[in-house]
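J.: sequence and predicted model, in that order:
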Amino acid sequence: MWIYLNDRFVPKEEARISVFDHGFLYGDGVFETLRAYRGKAFMLNEHLARLEKSAARLQIPMPVKRSRLSAVVAESLEKNQLTEAYLRITVSRGPGEIGLEPALCRSPTFVVIANPFEPYPESFYTDGVSVAVVQTRRNLPEALPPQVKSLNYLNNILAKMEATALGAFEALLLNQHGELTEGTTSNVFVSLGGRLLTPAQDCGILAGITRNLVLQLARELKIPAEETRLTAADLAIADECFLTNTTVEVLPVTQVDGQRIGDGRPGEITRRLHASFRDSLDRLLAGR
Ligand code: PDD
């Protein structure tokens, strides 16, 4: 297994970074998670654009240009002979003396990890998963903007621990106004009376690339869709619910806080959108 570290591929065992890296000391950095299908990174440009945007918000200089970044991703897949893969790109502030001041760090650390993709159990899709609306609130956009995909995931980790303690697959976090935001590593959708609804970006979420694609597919399928404001009460009366992210794609949710959603089975709109996602995969990978 080869890891790209800063400027070259190194064997996994030699892929080490400094204990003075501000990514380690302060969570000062950004990342992206990508999927490769049939040897090709999916939605690569969208992920790289979001990575650049996150880095820019934290004033971390990108270590390489977009074109080189794309090439490193492709080389990571090739060198590790991967076709169905999980990719993780990390850019941290880099090593520097202890202290919050970014100027202490001269050059960012850049890492690309490519691993074989481990598929989720089939039952996740045939039966759906459970979620819990947790007590941990999503970071205030005015404090740590959720649209920055930073290395500081403590807000999400606290929520995840609550979900795990409750026996739920994913946590859903509310914002300070009690509105639904997103999961710890996913965006959330509900279907209510034939309409597809998802929290708007200004509720304080990461603008998921899968979320965006699903909204586009809904338009193509003529399913009325809306970015709006939702509460836990809307979840309780929803006909369907699903989560989206790069690795789960479109994942049906059939239980919230121990109560069934709709008839307790994955819904029709969820199924149609996932099928359409799979079709668009073929289309997008073929460059059509
Ligand atoms: N997480 N919201 C949060 C907080 C996330 O961390 C993610 C992705 C998403 C969905 O975004 P996308 O559709 O672009 O994957 C929403 C990745 C998968 C991760 O944590 O590794």
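T.: Looks like it came in fine.
J.: for the ligand, what are the nearby residues on this protein?
T.: With C-beta under 6 Å from any ligand atom as the criterion, the chain comes near the ligand at residues 33, 156, 182, 185-187, 206, 208-211, 244-247. Just so you know, the C-beta spots here come from the backbone N, C-alpha and C atoms, and that holds for glycine as well.
J.: going by neighbour count, which of the residues you listed comes out on top?
T.: Taking other C-beta atoms under 10 Å to define a neighbour, the member of the residues of the chain next to the ligand with the most is residue 182, carrying 29 neighbours.
J.: for residue 194, give me its contacts.
T.: Counting by C-beta atoms under 8 Å, 6 or more residues apart in numbering, residue 194 touches 223-224, 269.
J.: list buried residues within those residues.
T.: Buried residues within the contacts of residue 194, defined by neighbour count using 16 or more other C-beta atoms under 10 Å: 223, 269.
J.: which residues touch the closest residue to the ligand within the stretch 1-150 of the chain?
T.: Using C-beta to the nearest ligand atom, the point where the stretch 1-150 of the chain gets nearest to the ligand is residue 33, with a distance of 3.3 Å. Taking C-beta under 8 Å, 6+ apart as the definition of contact, the neighbours of residue 33 are 86-88, 245-247.
J.: what about it, which SS state?
T.: Using DSSP: H, G, I helix; E, B strand; the rest coil, the secondary structure recorded for residue 33 is strand.
J.: so what pLDDT did it get?
T.: The model reports residue 33 with a pLDDT of 98.
J.: can you check residue 288 too?
T.: You'll see residue 288 listed with a pLDDT of 60.
J.: any chance of the contacts of residue 33 in JSON lines, plus secondary structure?
T.: Formatted as JSON lines, the contacts of residue 33 follow (three-state DSSP):
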{"residue": "86", "secondary structure": "strand"}
{"residue": "87", "secondary structure": "strand"}
{"residue": "88", "secondary structure": "strand"}
{"residue": "245", "secondary structure": "strand"}
{"residue": "246", "secondary structure": "coil"}
{"residue": "247", "secondary structure": "coil"}
